[in-house]
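Asks: Model the following, please.
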Amino acid sequence: RFEGGQKVKADAPYEKMPLFVKEGSIIPFGPDLQYTDEKPADTLTLYVYTGRNTSFSLYEDGGTTYDYEKGAYSVIPFAYNESTKALTIGERKGSFPQMIPRRTIRVVWITPSGAKPLEGATWEKEVSYEGKRVTVKL
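Replies: A predicted model of the protein is given here:
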């Protein structure tokens, strides 16, 4: 466990480079895409770094037009509560023609005592999200 303002000497071979992430962070990962509309961006994997409350909103639009200027986009709020050890995926607001109506969201919990790799980490929880509020417990 590290605090800000420190120097950390860590082994960093090319194959296994360390990544330090602040407590109370959520990092979303989608599938690898070569270009914007190659395929639907489903499944979403969330790396939830516990230790503090946090929140963010996931903005999505069609990606290939200016329809977002006319309100064709969606926003999904996410919030992690440290005291309840729960991640809330809020109600989706808005829509756009290419939107994925039902998507798979996987949650990888990272605790101060449980480091995991970014690639190949096993997810602990999986939900089928259809735009309605869902709570996932650690």
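Asks: Phi first, then psi, for K70.
Replies: When read as degrees, to the nearest 10, the backbone of K70 gives phi -100, psi 10.
Asks: so how far is G51 from it?
Replies: Per C-beta to C-beta, to the nearest Å, K70 is found 40 Å from G51. Any C-beta I mention is one placed from the backbone N, CA and C, and that applies to glycine too.
Asks: ok, now K137?
Replies: Distance from K137 to G51, by C-beta to C-beta: 16 Å.
Asks: Output the below-cut-off pLDDT ranges for this structure.
Replies: Within the chain, the ranges that satisfy pLDDT under 70 run 1-3, 32-41.
Asks: Do a quick rundown of the helices in it.
Replies: In the chain, no helices are defined using DSSP state H.
Asks: quick one, strands of it?
Replies: Assigned by DSSP state E, the strands in the chain fall at 25-29, 44-49, 54-61, 73-81, 86-89, 93-95, 103-110, 125-129, 134-137.
Asks: between those, which one is nearest to G4?
Replies: strand 25-29 (13.2 Å; C-beta to C-beta).
Asks: from memory G30 sits against L58, does it?
Replies: No - using C-beta atoms under 8 Å as the test, G30 is too far from L58 to be in contact (9.8 Å).
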